[in-house]
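Q: sequence and predicted structure below; questions after.
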Amino acid sequence: VALVLAAWFTDARLKIRGKQFFKVVIYLPNLIMASAFALLFFTMFSTNGPINSILMSLGWIKDPIDFMGSVVGTRSLIGFMNFLMWFGNTTIMLMAAVMGVSVEVYEAADLDGATGLKRFSKITFPLLAPSFTINMVLCMKNFLMVFDQIMALTKGGPAQSTESISYLIYNNGMSGGQFGFQSANAVIFFIVIVIISAMQLTITGKKEEQL
């Protein structure tokens with residue numbers, strides 16, 4: 001989504017109006033604290049919240065949906081929250097990378113009759129590869145370390161279905177008194193993140209060379 005939006009907003013031929021407004025809107029969730037964002041979602045999607053009220057007033061449902069009481073509902077909300085919080089930041093970073101591409105390259109492609117899809121696949125995306133790689137690593141790290149939303153929204157429930165590794169380490173360390181054991185888990189978790197990041201950089205680095 002971020003890559004498509006970055007390509008759209010930087011394409012002068014589309015003449016999209018209100019670009020600055022859309023940039024602010026998509027980046028705004030990134031400026032809100034994760035815990036505050038989670039509490040906002042808790043209020044909106046609670047049994048007596050506005051989402052259920054709207055759906056019932058439209059006649060789409062008869063009884064309120066318990067988003068917080070189902071595995072699918074809680075996981076979907078946490079995934080959606082993380083998406084909203086991070087895709088704006090990724091979009092802005094990719095837009096900066098696209099704007100760094102020389103205009104002459106696109107002008108030459110237009111003279112050769114390249115279509116929008118060809119421009120994107122043969123010029124934009126290959127030149128974006130380094131920025132795309134670092135964004136992939138950052139997004140992976142952010143999702144692995146998700147904590148605030150779970151702490152504020154679900155407390156790992158229902159039935160530990162939304163318990164992340166970060167929350168597990170915190171909960172068992174602070175509430176369970178397993179300080180030494182969970183400290184060791186935190187070190188192992190850090191090593192795992194480093195290994196996965198290195199693997200991502202290696203694999204995507206080879207793909208960059210192919211592009």
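A: Received it, and whenever you're ready, just let me know what you need. Everything quoted here is computed from the prediction, not taken from an experiment.

Q: so which helix or strand of the chain has the lowest pLDDT on average?
A: helix 116-119 (a mean of 78; mean pLDDT, DSSP states H and E).

Q: in it, what counts as buried?
A: Across helix 116-119, burial judged by 16 or more other CB atoms under 10 Å covers residue 119. (Glycine included, C-beta is placed from N, CA and C.)

Q: next, count neighbours for the closest residue to residue 89 other than its chain neighbours.
A: In this structure, residue 89 finds its nearest non-sequential neighbour in residue 30, 4.7 Å apart by CB to CB, 6 or more residues apart in numbering. Using other CB atoms under 10 Å, residue 30 has 17 neighbouring residues.

Q: alpha carbons of the helix or strand following the least confident helix or strand of the chain, as CSV, please.
A: For helix 116-119, the following helix or strand on the C-terminal side (DSSP states H and E) is helix 125-144. Output in CSV follows, covering the C-alpha atoms of helix 125-144 (Å, rounded to 0.1, in the frame of the first residue of the first chain):
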residue,chain,number,x,y,z
PHE,A,125,10.9,0.0,-8.3
PRO,A,126,14.5,-1.0,-9.2
LEU,A,127,15.8,2.4,-8.1
LEU,A,128,13.7,2.2,-4.9
ALA,A,129,15.2,-1.2,-4.0
PRO,A,130,17.6,0.1,-1.3
SER,A,131,14.9,2.2,0.4
PHE,A,132,12.4,-0.6,0.1
THR,A,133,14.9,-3.0,1.8
ILE,A,134,15.4,-0.8,4.8
ASN,A,135,11.7,-0.2,5.2
MET,A,136,11.1,-4.0,5.1
VAL,A,137,13.6,-4.5,7.9
LEU,A,138,12.1,-1.7,10.0
CYS,A,139,8.5,-2.9,9.5
MET,A,140,9.5,-6.5,10.5
LYS,A,141,11.2,-5.2,13.6
ASN,A,142,8.2,-3.1,14.6
PHE,A,143,5.8,-6.0,14.2
LEU,A,144,8.0,-8.4,16.1
